[in-house]
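**Q** I would like the atomic coordinates for the input below:
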Amino acid sequence: MSNNNNILSLQDLYEFKVENKHLIRLHEHGLLRLITLNSEPRFSKVTNKIFFHSLLNNLVYQELFFDHYTQKSAGKHGPFLTKNLKEKDFVKISENHLKNEVIQIVSSPKWSCPPISKESLTKVKYLLNRFVNKSSISYFLEKCIDFNSSFNEAKVYEHEWSHSLSSYYEYLIHDPENNKIHMLIMTYE
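**A** Sure thing, here's the model as predicted:
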């Protein structure tokens with residue numbers, strides 16, 4: 001009979017710690033968060049499948065994001081259930097694509113919201129230039145497209161708090177050289 005006490009799940013094998021959080025108020029109903037996680041040096045060498053499985057199932061990733069606050073919530077991340085998030089939902093994008101897309105999102109008009117201030121836009125550009133670099137690997141959570149679609153009149157919310165957001169955008173920036181994962185999340189209510 002074997003002893004299974006030494007078997008660790010992937011989310012327990014790789015430890016993540018929140019190192020820092022940057023918040024930028026985009027306007028009255030929009031917030032940009034950049035959450036930096038430290039990872040172990042050996043995590044930088046894992047496959048994509050292990051990378052996403054470990055991150056998605058780790059308690060540090062399981063959090064609800066609202067416009068003005070966050071709440072830890074097992075099994076949920078933003079407007080999504082973590083059991084519904086898979087590696088294939090994260091599309092690899094280039095450094096320039098990420099920077100251009102984020103600037104376009106924060107600069108575009110939002111219904112019933114004032115435009116982003118020049119000061120906030122400058123802060124967003126600074127964060128992007130500081131944390132997105134040539135050695136980082138960037139991903140966009142593609143499920144955000146369906147969630148944000150104004151054409152999706154029969155929108156299916158994955159959990160009871162999903163309806164609190166009108167738009168949700170998420171990018172992951174993996175910096176393997178420095179053992180960091182930056183979660184760039186923009187929420188609009």
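
**Q** Quick one: mean pLDDT for the strand ranked longest in the chain?
**A** Using DSSP state E, we find that the single longest strand of the chain is strand 16-27. Taken as a whole, strand 16-27 has an average pLDDT of 88.

**Q** got it, and stretch 145-165?
**A** For stretch 145-165, mean pLDDT is 66.

**Q** cool, and stretch 179-189?
**A** If you average the pLDDT over stretch 179-189, you get 90.

**Q** same question, stretch 31-43
**A** Averaging the model's pLDDT scores along stretch 31-43 yields 85.

**Q** which residues sit against it?
**A** Stretch 31-43 is touched from outside by 14-26, 51, 54, 60, 65, 67-68, 70, 106, 124, 127, 131, 179-187, with contacts defined as CB atoms under 8 Å, 6 or more residues apart in numbering. (Each C-beta comes from the backbone N, C-alpha and C, glycine too.)

**Q** Quick one: buried ones out of these?
**A** Of all the contacts of stretch 31-43 considered here, the ones buried according to neighbour count by 16 or more other CB atoms under 10 Å are 14, 16, 22, 24-26, 51, 54, 60, 65, 67, 70, 106, 124, 127, 131, 179-187.

**Q** Those in strands, which ones?
**A** 16, 22, 24-26, 65, 70, 180-187.

**Q** and the closest residue to Glu142 other than its chain neighbours, how many neighbours?
**A** When the adjacent residues along the chain are set aside, Glu142 lies closest to Val91, with 5.0 Å between them (CB to CB, 6 or more residues apart in numbering). Neighbourhood size, Val91 [other CB atoms under 10 Å]: 12.

**Q** Over to Ala74?
**A** For Ala74, using other CB under 10 Å, the count is 8.

**Q** isn't there a helix covering it?
**A** No - when the secondary structure is assigned by DSSP: H, G, I helix; E, B strand; the rest coil, Ala74 falls in coil instead of a helix.

**Q** got the contact list for it?
**A** Listed by CB under 8 Å, 6+ apart, the contact partners of Ala74 are 59, 62.

**Q** Ok, Gly30 next?
**A** With contacts taken as CB under 8 Å, 6+ apart, Gly30 has the following neighbours: 67, 106, 110, 113, 116, 186-189.
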